[in-house]
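Asks: please find the sequence and the predicted model below.
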Amino acid sequence: MSRALKDAMVKATLTMLFVFGLLMVASAQASETVPGKTVDQQSDQRVGVDGSKQVRMTLRDTILMALENNRDIEIERLNVQLTGFDLRASQGVYDPTLTGSFFYDRKNVPIANPLAGGANGGLLTDNVTGSATLSQRIMEQGGLLQANYSND
C-alpha cells in the first residue's frame, strides 16, 4: 500500500469521525431545547456555588481581581525578583577582598661548637612572618587594584 493511499485513508477516517462528533453534539443540543419541556431546578444548581451570595462587580473590578488571582502573573513577578537577586549576586565579584596569612616557627638547632652560643648545646630561634593583601576589581575598566604587605 502506497504512502499516499495511507494518508488519504487516514484523512477520510478523521473527517468521518469529526462529522460523527458534530452530529452527536447537534442531536444532544436539540434534545435539550425541546419546546414545552420544563427543566428540573435541581439540575440547574452548580456544586459549590451559592446563588444567594451574588456580588455585583464592574468590569474594572473583575479585571483587577483576575489579575490579582492569576498565578502565572504572580510567578512572573517572582521571576523578575529572582533575576534581580541573580544580578546583585553576580556583581559580588567586584566586592573588595582581604586575605592574610601568618606563620609562627620555633626551631632548636643543635650546635656542635660551644663557642657559637646557645643554652643546652642548641640555638633556639622564633620566627613570625605574615602577609596581607587587599584586592578590588574595577567594574568600568576591568582592572584590578591590589595592595600587599609582607614582613618577611
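Replies: In hand now; what should we look at? Residues are numbered from 1 along each chain as shown.
Asks: part of a strand, is residue 133?
Replies: Yes: assignment of residue 133 by DSSP: H, G, I helix; E, B strand; the rest coil places it within a strand.
Asks: surely it and residue 145 touch.
Replies: No: under the criterion of C-beta atoms under 8 Å, residue 133 makes no contact with residue 145, lying 11.1 Å away. Where C-beta positions appear, they are placed from N, C-alpha and C, glycine not excepted.
Asks: more neighbours: which of those two?
Replies: residue 133 (14 against 10; other C-beta atoms under 10 Å).
Asks: tell me the bridge partners for the more buried one.
Replies: Listed by DSSP bridges, the beta-bridge partners for residue 133 are residue 99, residue 148.
Asks: what's near enough to touch it?
Replies: Counting by C-beta atoms under 8 Å, 6 or more residues apart in numbering, residue 133 touches 97, 98, 99, 100, 146, 147, 148, 149.
Asks: measure it to residue 106 for me?
Replies: 26 Å (C-beta to C-beta, to the nearest Å).
Asks: same deal with residue 87?
Replies: 50 Å.
Asks: quick one: low-confidence ranges for this protein?
Replies: The chain contains residues with pLDDT under 70 at 1, 28-44, 116-119.
Asks: give me that answer again for 90
Replies: By pLDDT under 90, the weakly predicted segments of the chain are 1-57, 62-71, 73-74, 77, 91-93, 108-125, 139-142, 151-152.
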